[in-house]
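Participant: Let's see this in three dimensions:
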Amino acid sequence: MNSPISALLDSKESAIHTVPPHATVFEAVQKMVTARIGAVLVVDEGRLVGIFSERDVLVRVVSLHRDPLTTPVAHVMTIDPITIDASMPVEDVLDQHSGKEFRHLPVMDEGHLVGMVSVRDLLRWVAQSSNAQVD
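Facilitator: Predicted coordinates for the structure are as follows:
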């Protein structure tokens, strides 16, 4: 029941959606729309430096009347996002991060970015695990 995050990652789409810090908000949003995701990871020279989400678009771009065609993601992203380790049990991640203000968690393995999970991914995993135990 208490599976590692790596098992959850193995069960879902494995693509890691990233943009460089110099990408415009428009470019990042286009990537999010195309991939049907709520956030992209901001990576500079192979290093995770931030995360940019739908909420960032609303709070840091639209509400401040910034131009998405010219605003770099680096100016409006969440810097140094909280990450989780691929070996962490799913239930521990839920316990530690419930009630927090973010919905996406970058996943690291030995210092390397290996994916991202959302709160929805975590809840779906727990629900499927519970259903499997009932069967």
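Participant: Quick check: chain neighbours aside, which residue is closest to the most centrally placed residue in the chain?
Facilitator: Of all residues in the chain, the one closest to the mean position by CA atoms, centre = their mean is His104, 3.5 Å from it. Of all residues not flanking His104 in the chain, Ala39 sits nearest, at 4.3 Å (CB to CB, 6 or more residues apart in numbering). Heads up, the C-betas are built off the backbone N, CA and C, glycines and all.
Participant: Return the residues in contact with the one you found.
Facilitator: Applying CB atoms under 8 Å, 6 or more residues apart in numbering, we find Ala39 in contact with 32, 51-54, 103-104, 116, 118.
Participant: Go again with 6 Å.
Facilitator: Ala39 sits next to 51, 53, 104 when contact means CB atoms under 6 Å, 6 or more residues apart in numbering.
Participant: measure it to Arg103 for me?
Facilitator: 8 Å (CB to CB, to the nearest Å).
Participant: With Val43 instead?
Facilitator: 19 Å.
Participant: Ramachandran angles for the residue nearest to His104?
Facilitator: Torsion angles at Ala39 (phi, psi; degrees, to the nearest 10) stand at phi -160, psi 150.
Participant: picking up where we left off before, possible to save the contacts of Ala39 as a markdown table with pLDDT and distance to Ser3?
Facilitator: Shown next, in a markdown table, are the contacts of Ala39 (pLDDT from 0 to 100; distance: CB to CB, whole Å):
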| residue | pLDDT | distance to Ser3 |
| --- | --- | --- |
| Ile51 | 98 | 24 |
| Ser53 | 96 | 26 |
| His104 | 92 | 19 |
